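Trainee: A structural model of the following input is requested.
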Amino acid sequence: MAAKRRRRGDTVDSPPKSADPAVESSTEFAKPVYLVAKLRARKPAYSLLTVDAAAGSGGTPSARNLGEFAGTRRGMSFVAAHSKHGSWIVGAGRGHIVIYDPITREAFAGPGLHMPKHKPVLISHGGKVYAMSRRPKVGIRAERDFVPWFECIDFNKGAPRIYKMDSCFWSALPPPPFFPGLMTPEEFRNPPEITVSSYAAVGPYILVSLQQEDKSTYGFHVVEKTWEKACDKGLPFVGQAVPLGGSLFAACSVASNNAGAAAAVSVFHMSIKASSIPEVSPELVTSVLTIQEFPVASEGEITWPVFCPLGKGSFCSIRKAARQNQEANDLVGLQIVLTAFQMDNIEATLKVEDLQAPVQLEQHNQTCELNAQHLCLDLPMPVVAALSMDNEHIEFFEEKTTQARETTTSNIFKPTFIRSMV
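Mentor: A predicted model of the protein is given here:
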């Protein structure tokens, strides 16, 4: 992907000008959504596309293919990394990372992971990118997703390059307590199957729960680098919960998945605080996690959509549309549906610690056609990630100004799940 400098006056969030009249105006890209889609080819394995998610409900969103994501391979995951130095698209997996600069349109190699990971869980938080094995492996035949299962890399000094002398590298972190640990020889021969299904960054914590129902939810404190039990149950959503500002998040409800129903969008109000028990042990710490769920929409009979935050109080879901014409010559284009959600009275909502009423959202549906003759259109969802470079709403987490952990003398913890219909 050749580097191309922008003209003076272009904004950080605007792709370079195009000869295409549909995308000529830079104002149409005030808040673009970058899509990562899977290619038929193996190297590079992914392509970058962009869609204008800020268009009104009556217009057609601008969209275009930015070309191949150079250096990518199969089995990678993608995340948007933000710091005070800029924003980048990061692809990680199979032992290496590829970083894309949306300003210069340059893709370059970053420092490799300690251990190759297949479609790892990627979380961007506080200027760092955290990579966790989605399916941790053990045993002498574990060629990937072996220890370390959890790593992070820092973007607070800029995008790390593999050939820079002062570039930072991946740091190994302690894995979640429910990952494979000490095992008997019999367990080592037949290790347990573990899959991370739900995760979110809430305050200074990264919350993780498994697909297996008998597992709890644990939180990783990014400053203290310790794991704490946050809930006796799994998180009530599937995949990642994208931030909307404050304690609000958007995700797919796990209730519809368990019932075999269509994918449903929900807004979650999540708060977490530490609770120590000094009379038992000064080192024994657990976390109190409170979650309120507000189902807001149904996406119909579809696969799970891809979510993307658009700014404070707004997000969008992207899904593949059902094409009316199934003829071979009509399969060169990709038709996607972008559903934008905007929360009403967001400033007042963010100040509320415990929501007593359902959140109200304005919803707009838009259908977009992309030239995608080289994409894997036969997949249920060829788009694997939707990312926003609009970082104005990002609340950077400063380690030096972390608030003191709250304590309580109660040793009884009951997670709260409140369902409210819009």
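Trainee: Please identify the helix or strand for the residue nearest in space to the middle of the chain.
Mentor: Nearest to the geometric centre of the chain sits Gln240, at 5.3 Å (Cα atoms, centre = their mean). Per DSSP states H and E: Gln240 is located in strand 237-245.
Trainee: Also Leu49?
Mentor: In the assignment (DSSP H and E), Leu49 maps to strand 46-52.
Trainee: What of Leu387?
Mentor: Under the criterion of DSSP H and E, Leu387 resides in strand 383-388.
Trainee: Just list what the helix or strand that the strand holding Leu49 is followed by packs against, helices and strands only.
Mentor: Reading on from strand 46-52 to the C-terminus, the next helix or strand found by DSSP H and E is strand 63-68. Packing partners of strand 63-68 (3 or more Cβ pairs under 8 Å, 6 or more residues apart in numbering; DSSP states H and E): strand 46-52, strand 361-371. Using the backbone N, CA and C atoms, a C-beta is placed for each residue, glycine as well.
Trainee: Comparing those, which stretch has the densest surroundings?
Mentor: Most buried of the helices and strands packed on strand 63-68, by mean neighbour count (mean count of other Cβ atoms under 10 Å): strand 46-52, with a mean of 25.
Trainee: How about the contacts made by Arg134?
Mentor: Lys117, His118, Lys119, Pro120, Val121, Asp145, Thr195, Val196 (Cβ atoms under 8 Å, 6 or more residues apart in numbering).
Trainee: Can you tell me the SS state at Asp145?
Mentor: State at Asp145, reduced to three classes by DSSP: H, G, I helix; E, B strand; the rest coil: coil.
Trainee: Phi, psi for it please.
Mentor: phi 60, psi 30 (degrees, to the nearest 10).
Trainee: That one against Lys119, yeah?
Mentor: No. Here Asp145 does not reach Lys119: they are 9.6 Å apart, not a contact under Cβ atoms under 8 Å.
Trainee: about what we covered before: CSV for the helices and strands packed on strand 63-68, including mean pLDDT and distance to Glu106?
Mentor: Formatted as CSV, these follow (pLDDT from 0 to 100; distance: least, Cβ to Cβ, whole Å):
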stretch, mean pLDDT, distance to Glu106
strand 46-52, 89, 12
strand 361-371, 82, 23
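Trainee: possible to save the ones you listed as a markdown table with distance to Lys38?
Mentor: Formatted as a markdown table, the helices and strands packed on strand 63-68 follow (distance: least, Cβ to Cβ, whole Å):
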| stretch | distance to Lys38 |
| --- | --- |
| strand 46-52 | 6 |
| strand 361-371 | 13 |
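Trainee: Those: which one's closest to His96?
Mentor: Nearest to His96 among the helices and strands packed on strand 63-68 is strand 46-52; the distance by Cβ to Cβ comes to 13.7 Å.
Trainee: What is the closest one packed up against?
Mentor: Against strand 46-52 (3+ Cβ pairs under 8 Å, 6+ apart) you get strand 32-38, strand 63-68, strand 361-371.
Trainee: Can you lay out the ones you listed as CSV showing distance to Asp378?
Mentor: CSV is the format used below for the helices and strands packed on strand 46-52 (distance: least, Cβ to Cβ, whole Å):
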stretch, distance to Asp378
strand 32-38, 10
strand 63-68, 18
strand 361-371, 16
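Trainee: Number of residues surrounding the closest residue to Tyr199 other than its chain neighbours?
Mentor: Counting by Cβ to Cβ, 6 or more residues apart in numbering, Val208 is the residue found nearest to Tyr199 once chain neighbours are left out, at 4.9 Å. The number of residues packed near Val208 is 27, by other Cβ atoms under 10 Å.
Trainee: confidence score at Val208?
Mentor: The model reports Val208 with a pLDDT of 96.
Trainee: and if you look at Ser57?
Mentor: pLDDT for Ser57: 45.
Trainee: Same question for Ile346.
Mentor: Reading off the model, Ile346 has pLDDT 83.
Trainee: was I right about it contacting Gly245?
Mentor: Yes. Ile346 is within contact range of Gly245, at 6.8 Å (criterion: Cβ under 8 Å).
Trainee: who touches both of those two?
Mentor: Any residue near both Ile346 and Gly245 by Cβ under 8 Å, 6+ apart counts here, and that gives Lys312, Gly313.
Trainee: what's the closest of the helices and strands packed on strand 63-68 to Gly95?
Mentor: Between Gly95 and the helices and strands packed on strand 63-68, the shortest gap by Cβ to Cβ is with strand 46-52, which sits at 16.4 Å.
Trainee: Give the pairing partners of that closest one; include direction for each.
Mentor: Strand pairing for strand 46-52, determined by DSSP bridges: strand 32-38 (antiparallel), strand 63-68 (antiparallel).
Trainee: follow-up on the earlier one: so which of the helices and strands packed on strand 46-52 gets nearest Ile318?
Mentor: Using Cβ to Cβ as the measure, strand 32-38 is the one of the helices and strands packed on strand 46-52 that comes nearest Ile318, at 7.0 Å.
Trainee: the inter-axis angle of that closest one versus strand 361-371?
Mentor: Interaxial angle of strand 32-38 relative to strand 361-371 (axes from the mean of the first three to the mean of the last three Cα atoms, to 10 degrees): 50 degrees.
Trainee: what about strand 32-38, distance to the chain center?
Mentor: Centroid displacement of strand 32-38 relative to its chain, using Cα atoms, centre = their mean, to the nearest Å, is 13 Å.
Trainee: outside of that strand, which residues touch it?
Mentor: Residues outside strand 32-38 that contact it (Cβ under 8 Å, 6+ apart): 13-15, 45-53, 66, 69, 78, 80, 89, 91, 102, 308, 310, 316, 318, 334, 338, 372, 375-376, 379, 382-389.
Trainee: List buried residues within the residues you listed.
Mentor: 13-15, 45-53, 66, 69, 78, 80, 89, 91, 102, 308, 310, 316, 318, 334, 338, 372, 375-376, 382-389 (16 or more other Cβ atoms under 10 Å).
Trainee: Confirm that Lys229 sits in a helix.
Mentor: No. If the criterion is three-state DSSP, then Lys229 is strand and not within a helix.
Trainee: how about the helices of the chain, start to end?
Mentor: For the chain, applying DSSP state H gives helices covering 185-189, 254-258, 346-350.
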